[in-house]
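Colleague: compute the structure for the input listed below.
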Amino acid sequence: MKVKKVLVSQPQPAQGKSPYFDIAEKYGVEIVFRPFIKVEGLSSKDFRQQKINIPDFTAVIFTARTAIDHFFRLCEELRITIPDTMKYFCTTESIALYLQKYIVYRKRKIFHGSTGKLDDLLPALLKHKKENFLYAVSDVHKDDTNVLDTNGIKYTKAVMYRTVSNDFGPDEKFDYDMLIFFSPSGIDSLLKNFPDFKQGDICIGCLGATTAKAVRDAGLRLDIEAPSPQAPSMTAALDNFLASQADK
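Modeller: Now for the predicted structure:
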């Protein structure tokens, strides 16, 4: 069976530009962007249950723009005034620049890495080791705090948002020939929405080793996996798959 309709479990690109659109045109397939999961902010009531008092902290660590949004949202809901002396440590420059949405960037002490990893922030963190760090995270996050623990950085993890299933409505069609996933949470959501899901001829593609493991652990067949030597990205893997299909 040839693939004619593909579900990409990500939000649709905002600017209308994506390699997926080029692939759709190249092979005459329909590509639908439909996330299986969505991010939901913790309510101020739920956040209080962690018994974390934000004014006790002198610095914040951010690894995602979503974390920034929910940090400032919670501060507003809890009527917390963030002092000008607060320091911000971000794992990439783009995350750091996103702070401009909420603060006067040039008047704050902001530090950023370049690789997206906490290890890259270590020189800046060690330089400010006396700070009391708040680490803003989601309920599902990488446990990458080893570098903080081994270097004696004083920090507290604060869950500020969670990943939840983006449920399908009763009238929403599910007539796809291929499903593409980017996280284990997406697989969980698929099985939650369709507990009697039978893969049959439906192809499944995924990005990343942990997502691939989740597919196999669920007893599903994995048809496309990225990255690989032949396909460094999900779009490259999809392109290769559809090209091989066209040759048959």
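
Colleague: contact partners for the nearest residue to residue 57 once chain neighbours are set aside?
Modeller: Closest residue in space to residue 57, ignoring its immediate chain neighbours: residue 134 at 4.0 Å, by Cβ to Cβ, 6 or more residues apart in numbering. (C-beta placed from N, C-alpha, C; glycine too.) Residues in contact with residue 134, defined by Cβ atoms under 8 Å, 6 or more residues apart in numbering, are 52, 54, 57, 59, 60, 61, 155, 156, 158.

Colleague: residues of the lengthiest strand in the chain that come out buried?
Modeller: Longest among the strand segments of the chain by residue count, using DSSP state E, is strand 155-165. In terms of neighbour count (16 or more other Cβ atoms under 10 Å), strand 155-165 has its buried residues at 155, 157, 158, 159, 160, 161, 163, 165.

Colleague: now do the second one against residue 44, distance only.
Modeller: Here the criterion is Cβ to Cβ, to the nearest Å. By it, residue 157 lies 18 Å from residue 44.

Colleague: residues in contact with the helix or strand that contains residue 75?
Modeller: Element membership for residue 75 (DSSP states H and E) is helix 65-77. Residues outside helix 65-77 that contact it (Cβ under 8 Å, 6+ apart) are 39, 41-44, 47, 54, 60, 62, 80-82, 94-95, 98-99, 101-102, 136-138, 160-161.

Colleague: any weak-confidence spans in this structure?
Modeller: Low-confidence segments of the chain (pLDDT under 70): 1, 16, 141-143, 248.

Colleague: got the CA coordinates for the longest strand of the chain in CSV?
Modeller: Extracted C-alpha coordinates of strand 155-165, given in CSV (Å, rounded to 0.1, in the frame of the first residue of the first chain):
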residue,chain,number,x,y,z
TYR,A,155,19.5,24.3,42.9
THR,A,156,15.9,23.3,43.3
LYS,A,157,13.8,21.8,40.4
ALA,A,158,10.5,23.4,40.0
VAL,A,159,7.9,21.7,37.8
MET,A,160,6.0,24.6,36.0
TYR,A,161,4.2,22.8,33.1
ARG,A,162,3.3,19.3,32.1
THR,A,163,2.9,17.3,28.9
VAL,A,164,-0.6,15.9,28.4
SER,A,165,-2.3,13.9,25.7
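
Colleague: show me what that strand is packed up against.
Modeller: strand 37-41, helix 44-48, helix 65-77, strand 133-138, helix 184-193 (3 or more Cβ pairs under 8 Å, 6 or more residues apart in numbering; DSSP states H and E).

Colleague: what pairs with it, parallel or antiparallel?
Modeller: strand 37-41 (antiparallel), strand 133-138 (parallel) (DSSP bridges).
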